[in-house]
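# quick one, structure for this:
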Amino acid sequence: QFPYAGMTTHKTAEWMISQKGTDKHIWHYEGNPSQNAFGRYSSAGYMEILNSTHPEPRVYSGLSWDGYNWSHRPGTTVHYMTTEEIYAEANNDRSTNSKDFLVNGVFGESGVFAMDYEDYNSEDGMSVKKSTYFFDDYALVLTNNIDNVDGEHEIHSTFFQTYMMDNMVYSHVEEDSVNGVAYFWGTDESGIVLTDGVNNAYYVKETSGDSLFVTRSHQNSVAPNGSSLTAGDYVQAWVNHGVNPESSTALVYTIQINGGIDGAKYM
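Presented below is the predicted three-dimensional model:
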């Protein structure tokens, strides 16, 4: 655990999962229009999973900034904004907020991350409560009390955004194995099983009836320097809570690192 970074890391010799937060003592990100210009949500519960033992594990774990959707950082529940909207506030960095609850802890080989998140850069102080429990090769993620939304931007909770070096690699939605970059699927049901294209398993237990979407597509974006255009192929999964979600909205899901589709079915 790294208290002064607001970050927790859970790792073994084979993989690592980390999550980062912000509060009234720890700022949300460092950046400017030419460096980390799209860092707005990097401390909004952003979660990274490195599940490859390759000497350069990021891209083999599905992590890349090429074509990245900067509003769909895994683990976050935030305003869905265009690249242009986020870039317009690229100077508003190193800022804290009014919330005083941000904790991470280690208990033997298990851990916890919890945060009362407030988006300092939003006009309405959008907030949400998030917690994650790490044990064995699982992460149990709980999200609730989405509040103070602006009535304009949709609120999205992102499970994963996985870069595909080869877009013919398979990911799974329920019983279906899918590949390529022309896929769109949605449901209002809970109890959904997914994989992310790099063998991590997801079981979405509860969405409170909000719409869950999975896409595979070619994405165009802008690099962290704010000027270079980028592109890449991604598989994504997220929940759209709408523009005025009720404070009772709850989202519960479990990740099994390298669990595959069999792991997703039995979580």
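# any stretches of the stretch 151-267 of the chain with poor pLDDT?
By pLDDT under 70, the weakly predicted segments of the stretch 151-267 of the chain are 248.
# show me where it has strands.
If you assign secondary structure with DSSP state E, counting those that start in this stretch, the strands in the stretch 151-267 of the chain sit at 155-163, 171-173, 176-178, 183-187, 192-195, 201-206, 211-222, 229-240, 250-256.
# possible to save those strands as CSV with distance to residue 29 and mean neighbour count?
Any C-beta I mention is one placed from the backbone N, CA and C, and that applies to glycine too. Rendered in CSV, the data for the strands of the stretch 151-267 of the chain read as follows (distance: least, CB to CB, whole Å; neighbours: other CB atoms under 10 Å):
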stretch, distance to residue 29, mean neighbour count
strand 155-163, 17, 24
strand 171-173, 29, 23
strand 176-178, 34, 12
strand 183-187, 31, 13
strand 192-195, 28, 22
strand 201-206, 26, 21
strand 211-222, 16, 18
strand 229-240, 19, 20
strand 250-256, 23, 21
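# just so I know, which of the ones you listed lies nearest residue 11?
Proximity to residue 11 (CB to CB) singles out strand 250-256 among the strands of the stretch 151-267 of the chain, at 14.3 Å.
# now that closest one and strand 229-240, what's the angle there?
Regarding strand 250-256 and strand 229-240, their directions subtend 120 degrees when assessed with axes from the mean of the first three to the mean of the last three CA atoms, to 10 degrees.
# walk me through which strands strand 250-256 pairs with, and which way each runs.
strand 138-147 (antiparallel), strand 201-206 (antiparallel) (DSSP bridges).
# helices along the stretch 51-200 of the chain, start to end?
57-60, 83-87 (DSSP state H, counting those that start in this stretch).
# so which of the strands of the stretch 151-267 of the chain is nearest residue 79?
Residue 79 sits nearest to strand 155-163 of all the strands of the stretch 151-267 of the chain, at 6.5 Å, using CB to CB.
# packing partners of that closest one?
Using 3 or more CB pairs under 8 Å, 6 or more residues apart in numbering; DSSP states H and E as the contact test, the elements touching strand 155-163 are strand 77-79, strand 201-206, strand 229-240, strand 250-256.
# go with 7 Å
In this structure, strand 155-163 makes packing contacts with strand 77-79, strand 229-240, judged by 3 or more CB pairs under 7 Å, 6 or more residues apart in numbering; DSSP states H and E.
# contacting residues around the residue nearest the centre of the chain?
The geometric centre of the chain, computed from its C-alpha atoms, lies nearest to residue 74 (CA atoms, centre = their mean), at 1.2 Å. For residue 74, the set of contacting residues under the criterion of CB atoms under 7 Å, 6 or more residues apart in numbering consists of 46-47, 158-161.
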